[in-house]
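**Q** Just need the structure, nothing else, for what follows:
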Amino acid sequence: EEEEEEKEDYMECRFYKAWDAYGAFSNFSPFPIMMVSPSGDEEEWPTVEHYYQASKFRGVAGANRALEAVRQAPTPELAAWYGRRTQRQAPHLVRPDWDQAKKEVMKEALSAKFRQHLGPRRLLLETNTLKPRVDLLEDAPHDYIWGIGLKGTGQNLLGKMLVELRTELLVEEQVLT
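**A** The predicted structure follows:
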């Protein structure tokens, strides 16, 4: 009976495609972000995915062409494809600390998106009011790191980061009111 009560107090919000009900949570959703470059200049990126994929090549000698190709990709799908392909085919262009840096890069990009765009921020905050506990799950069938994967056994790092960010934003709003 206790387990049944827990399920009643729990809800999942699944997202994957940018056009889904919670699609604004997707890194492919069309919300440009402003980020500060290593030189201190503000740069606009078409989506979180563009920024994340391009960040693999930041600061590596000879990788500027790859970085700019990702930035200029006409869609986030092409940015992801180009970033992943370049990482596989030319691993020497990937920054040596990428495995350690990628989570922080993602957190910074998500923070920018949800702080710079009211619509996605409101949607994220509203998930907190649905049930006592609402988990956000990136329902990506082929991604077992950032998503839950086909069988739901993935790490769901993106969903977990969004839950953390939701908590930060809620605290900030409470401080301001």
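
**Q** Okay, now the unreliable bits of the protein?
**A** Per-residue confidence of the chain (counting by pLDDT under 70) places the weak regions at 1-8, 177.

**Q** got the residue ranges for the strands in it?
**A** 10-15, 33-36, 42-45, 133-138 (DSSP state E).

**Q** Direction included, what does the third one pair up with?
**A** What that stands for is strand 42-45. The strands that strand 42-45 pairs with in its sheet are strand 33-36 (antiparallel) (by DSSP bridges).

**Q** Please apply the same query to the last one.
**A** Each strand that pairs with strand 133-138, with its direction, by DSSP bridges: strand 10-15 (parallel).

**Q** which of the residues in the partner strand are buried?
**A** Cys13, Arg14, Phe15 (16 or more other C-beta atoms under 10 Å). Using the backbone N, CA and C atoms, a C-beta is placed for each residue, glycine as well.

**Q** picking that back up, out of the strands of the chain, indicate the one that is most buried.
**A** Looking across those with neighbours counted as mean count of other C-beta atoms under 10 Å, the highest average goes to strand 133-138: a mean of 19.

**Q** before we move on, back to that, could I get the strands of the chain as TSV with distance to Ala101?
**A** Output for the strands of the chain, formatted as TSV (distance: least, C-beta to C-beta, whole Å):
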stretch	distance to Ala101
strand 10-15	24
strand 33-36	14
strand 42-45	17
strand 133-138	20
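
**Q** Next, name the residue at the spatial heart of the chain.
**A** Here the mean C-alpha position of the chain is nearest to the C-alpha of Asn27 (C-alpha atoms, centre = their mean), at a distance of 4.7 Å.

**Q** ok, the closest residue to Phe25 other than its chain neighbours - contacts?
**A** Counting by C-beta to C-beta, 6 or more residues apart in numbering, Phe15 is the residue found nearest to Phe25 once chain neighbours are left out, at 4.3 Å. By C-beta atoms under 8 Å, 6 or more residues apart in numbering, the contact list for Phe15 reads Ala21, Tyr22, Gly23, Ala24, Phe25, Ser26, Leu136, Leu137, Glu138, Asp139.

**Q** For Asn64, state which of these is nearest.
**A** Nearest to Asn64 among the contacts of Phe15 is Ser26, at 27.5 Å by C-beta to C-beta.

**Q** where's Pro46 relative to Ser37, distance?
**A** Going from Pro46 to Ser37 by C-beta to C-beta, to the nearest Å gives 16 Å.

**Q** which of those two has more neighbours?
**A** When Pro46 and Ser37 are compared on other C-beta atoms under 10 Å, the one with more neighbours turns out to be Pro46, at 18 against 9.
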